[in-house]
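*Asks:* just a sequence and a predicted model for now, questions to come.
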Amino acid sequence: MAPGILVDDTTSRNGLELEETSDQIDAVNVLKGQSQIKFDDDSQFDSAKDKTQFRQYEEACDRVQNFYREQHAKQTVAYNLKARNDFKTRRREEMTVWQAIEKLNTLIDESDPDTSLSQIQHLLQSAEAIRKDGKPRWMQVTGLIHDLGKLLYFYGSEGQWDVVGDTFPVGCAFDKRIIYPDTFAANPDSHDPIYSTKFGIYSPGCGLDNVMLSWGHDEYLYHVVKDQSTLPPEALAMIRYHSFYPWHKENAYRELMDEHDEDMLRAVRAFNPYDLYSKSDKVPDVEELKPYYLELIDEFFPQKVLKW
Ligand SMILES: O[C@H]1[C@H](O)[C@@H](O)[C@H](O)[C@@H](O)[C@H]1O
Ligand SMILES: [Fe+2]
Ligand SMILES: [Fe+2]
């Protein structure tokens, strides 16, 4: 990849507080960088709606189709580098996690064919589904915050195209398994002599930590929480890759993965049903659930006020 671009530094991260997950994590191995969290395929998740009825992009309304047409034309390497740099250099607002949830609530996601609920409701639906399935507390809080990166919309985004929607790598050929693949013809990178090749600026097995994913809410929130929470690497992967459907659902871009990514893929796949299928659950009662989640937030965000 292009020299000097630090996409990620998760691998150097240590000092996790492991008490919350000690039944599932062998602390020594985690600090050595190997995942010990097992994701058994035991999700009891039962969607109120038939699961094949989600993500029907061919039948999606104009709002969704126009959204992706714009996003796929504008997510370029040049834009990605600029967005990362803007994030690193801008003044960051300070807020608690709950204040962030409330602030986000005014946004209606134009890319989403499956819900018209507010973001606070979607976040609580995801967290509640994870909690009801008896999953660990770190995963519940991950469900609660996973879309908070959409706050980016209020921090200098150019619209929704650089905030929401599925993600994909930039700097190498756009895979046909990304939704609406033909719309990439309008992206200048698909005519670039390097970016349009299979590996582009990357090399086989380079690891997703070294790949620039299209800029949006996943990548932004990942950068916000990685230094300001005690969440384990699996939670950070759930946040960072939850919109990377071409990878976790369609098996594209596998050739860029390293060994660590195999573990992360299992984590992201374990998370996905709670994000997607909970969209048809009953609308949660925010005031009733708030005390439980405030306590949960405190557990994983010890400094309480975060820089956004
Ligand atoms: O429309 C949705 C929505 O924006 C989600 O937050 C994102 O994670 C999905 O990947 C996307 O398809
Ligand atoms: Fe999302
Ligand atoms: Fe979501």
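*Replies:* Perfect, thanks for sending it. Given the structure is predicted, the values throughout are model-derived calculations rather than measurements. Numbering: from 1, shown residues only. Ligands and ions are numbered 1, 2, ... in the order given.
*Asks:* quick one, longest helix in the chain?
*Replies:* helix 259-276 (DSSP state H).
*Asks:* quick check: what element follows it along the chain?
*Replies:* Next helix or strand after helix 259-276 toward the C-terminus (DSSP states H and E): helix 286-300.
*Asks:* so what's the residue count around the spatially closest residue to Gly207 that is not a sequence neighbour?
*Replies:* Ranked by C-beta to C-beta, 6 or more residues apart in numbering and with sequence neighbours excluded, the top spatial neighbour of Gly207 is Asp258, at 3.6 Å. In short, each C-beta sits where N, CA and C put it, glycine included. Taking other C-beta atoms under 10 Å as the criterion, the count of residues near Asp258 is 15.
*Asks:* what does Gln99 give?
*Replies:* The burial count for Gln99: 14, using other C-beta under 10 Å.
*Asks:* helix or strand: which one has it?
*Replies:* Applying DSSP H and E, one finds Gln99 within helix 97-104.
*Asks:* got the buried residues for that helix?
*Replies:* Buried residues in helix 97-104, defined by neighbour count with 16 or more other C-beta atoms under 10 Å: Val97, Trp98, Ala100, Ile101, Lys103, Leu104.
*Asks:* among those, which are within reach of ligand 1?
*Replies:* By C-beta under 6 Å from any ligand atom, no member of these lies near ligand 1.
*Asks:* so what's the residue of the stretch 51-200 of the chain found nearest ligand 3 up against?
*Replies:* Using C-beta to the ion, Asp147 is the residue of the stretch 51-200 of the chain that sits closest to ligand 3, at 4.3 Å. Asp147 sits next to Leu104, Gln119, His122, Leu123, His217, Leu221 when contact means C-beta atoms under 8 Å, 6 or more residues apart in numbering.
*Asks:* what sits against the second one?
*Replies:* Taking C-beta under 8 Å, 6+ apart as the criterion, Gln119 is in contact with Ile101, Leu104, Asn105, Leu107, Asp109, Asp147, Lys150.
*Asks:* for the closest residue to the first one other than its chain neighbours, give me phi and psi.
*Replies:* Using C-beta to C-beta, 6+ apart and skipping the chain neighbours, the partner closest in space to Ile101 is Ile120 (5.5 Å). Main-chain dihedrals, Ile120, degrees, to the nearest 10: phi -60, psi -40.
*Asks:* and Ile120, how many neighbours does it have?
*Replies:* Neighbour tally, Ile120, other C-beta under 10 Å: 19.
*Asks:* wait, it touches Asn105, no?
*Replies:* Yes: counting by C-beta atoms under 8 Å, Asn105 is a contact partner of Ile120 at 4.7 Å.
*Asks:* measure Phe39 to Leu236 for me?
*Replies:* 15 Å (C-beta to C-beta, to the nearest Å).
*Asks:* quick one: the contacts of Asp147 as TSV, columns for secondary structure, pLDDT and distance to Asp166 too.
*Replies:* Shown next, in TSV, are the contacts of Asp147 (DSSP: H, G, I helix; E, B strand; the rest coil; pLDDT from 0 to 100; distance: C-beta to C-beta, whole Å):
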residue	secondary structure	pLDDT	distance to Asp166
Leu104	helix	94	19
Gln119	helix	92	17
His122	helix	94	16
Leu123	helix	97	19
His217	helix	98	11
Leu221	helix	98	16
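*Asks:* and the furthest pair within those residues?
*Replies:* The distance between the two most remote of those (C-beta to C-beta) is 14.2 Å, for His122 and Leu221.
*Asks:* picking that back up, more neighbours: Phe39 and Leu236, which one.
*Replies:* Comparing Phe39 with Leu236 by other C-beta under 10 Å, the one with more neighbours is Leu236, at 22 against 19.
*Asks:* phi, psi for that one please.
*Replies:* With angles defined as degrees, to the nearest 10, Leu236 sits at phi -60, psi -40.
*Asks:* count the neighbours of the closest residue to Ser190 other than its chain neighbours for me.
*Replies:* The spatially closest residue to Ser190, leaving aside those adjacent along the chain, is Phe184, at 5.0 Å (C-beta to C-beta, 6+ apart). For Phe184, the neighbour count with other C-beta under 10 Å is 20.
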